[in-house]
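Provided below for reference: sequence and predicted model.
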Amino acid sequence: RILVEAGPEGLKEINRMATESLKFQKPSDRFNFIKGKLDIPIKLIGLYEKLEQFASRLDSTGIESVNRELLEKVGTGVTETINFRGEVGESMLSTLFEELFGGKKLFTETFGLLPSFVEVENGIVGEEEIVILESTIDLFEELYGAPRFGIASGSMANTARHALGDILYRFPKQSQIWHDVVDAAMDELGKQGLHKPNKFPLMKAAESYRPIKQGLYVGDTMADYYTAKNAGNEFIFAGVYECVHVAEAAMNAFLDRGSDIVAPTVNDLPMIILYAREQQ
């Protein structure tokens, strides 16, 4: 969406350069080919509000709704160069994010590749705090009589193990559905597009607990909200916002969309569930 601010002529030049960069296979080579060759001003005043308006028009189809809004304006050269749907080693965004997130050692361990954009020894993952408390997991087990919970996440299993440590083992193994688990399922089923906001990861995580009268899905992004929505009446959604960088905006977004529960963190949910049970 930011590129739209370059105007028609600027976009034309960006798309031309992006198309030329496709002669390179590695995303870092495409990036380096383009870097420093374009001098197109982008107005920052009012940009945040424009991004908010743009985000409000997107729906549960995710990237498809982005393409409907922008593809004609931005051009196919840009989208093919960035390669939103591509995996690490193919997509600029996926590769750069995982390099920054994991750091050199964890990135190579997880993907079997050397970093190509940046070489940071310690990634962002090392700075993340574990939000959910052991006592919260204990309360959920008391409420449901067993560890009837799981994980449907866009993270890779290996980076999640690094980030969550021992607390991960409180979640039943068969109900941990990570990005690479969904990748394997897509290969096996011969299907694409099963990552969130598709309901597949959520339904797979809940598979061993069926029949379910009504499940609760907890998330902190709009992708999580739409994942629960796509699952229909089988799940209600709890939007948690305190640990998001723009906490107030996240809270308001969850409220505006009519989320079933909106709470600061997952640690507030057991008391909310207990209160709801008492009111029945």
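Looks like it came in fine. Residues are numbered from 1 along each chain as shown.

what about the strands in the chain?
According to DSSP state E, the chain carries its strands in the segments 151-152, 176-177, 215-219, 235-240, 261-263.

can I get these in CSV with mean neighbour count, mean pLDDT and distance to residue 55?
Every C-beta, even on glycine, is put in place using the N, C-alpha and C of the backbone. Output for the strands of the chain, formatted as CSV (neighbours: other CB atoms under 10 Å; pLDDT from 0 to 100; distance: least, CB to CB, whole Å):
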stretch, mean neighbour count, mean pLDDT, distance to residue 55
strand 151-152, 22, 97, 22
strand 176-177, 21, 98, 26
strand 215-219, 20, 97, 16
strand 235-240, 22, 97, 15
strand 261-263, 19, 98, 18
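
okay, these in TSV with distance to residue 43 next?
Rendered in TSV, the data for those read as follows (distance: least, CB to CB, whole Å):
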stretch	distance to residue 43
strand 151-152	39
strand 176-177	42
strand 215-219	33
strand 235-240	32
strand 261-263	34
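
now tell me which helix or strand of the chain has the poorest mean pLDDT.
Among the helical and strand segments of the chain, the one scoring lowest on mean pLDDT, DSSP states H and E is helix 63-74, with a mean of 82.

counting contacts, what elements does that one pack onto?
Secondary structure elements in contact with helix 63-74, counted by 3 or more CB pairs under 8 Å, 6 or more residues apart in numbering; DSSP states H and E, are helix 7-21.

what's the average pLDDT for the helix it packs on?
Helix 7-21 shows a mean pLDDT of 92 in the predicted model.

what lies in contact with that helix?
Contacts with helix 7-21, where a contact means CB atoms under 8 Å, 6 or more residues apart in numbering, come from 3-4, 6, 29-31, 33-34, 37-38, 40, 73-78, 80-82.

which ones among those lie within helices?
When the contacts of helix 7-21 are checked against helices (DSSP state H), the matches are 29-31, 33-34, 73-74, 76-78, 80-82.

may I ask which of the residues you listed has the most neighbours?
Each of the ones in helices among the contacts of helix 7-21 was scored for neighbours by other CB atoms under 10 Å, and residue 81 scores highest at 24 neighbours.

residue contacts, that residue?
18, 19, 21, 22, 30, 34, 92 are the contacts of residue 81 under CB under 8 Å, 6+ apart.

residue 174: which of the residues you listed is nearest?
The shortest distance between residue 174 and any of these, using CB to CB, involves residue 92 and amounts to 34.2 Å.
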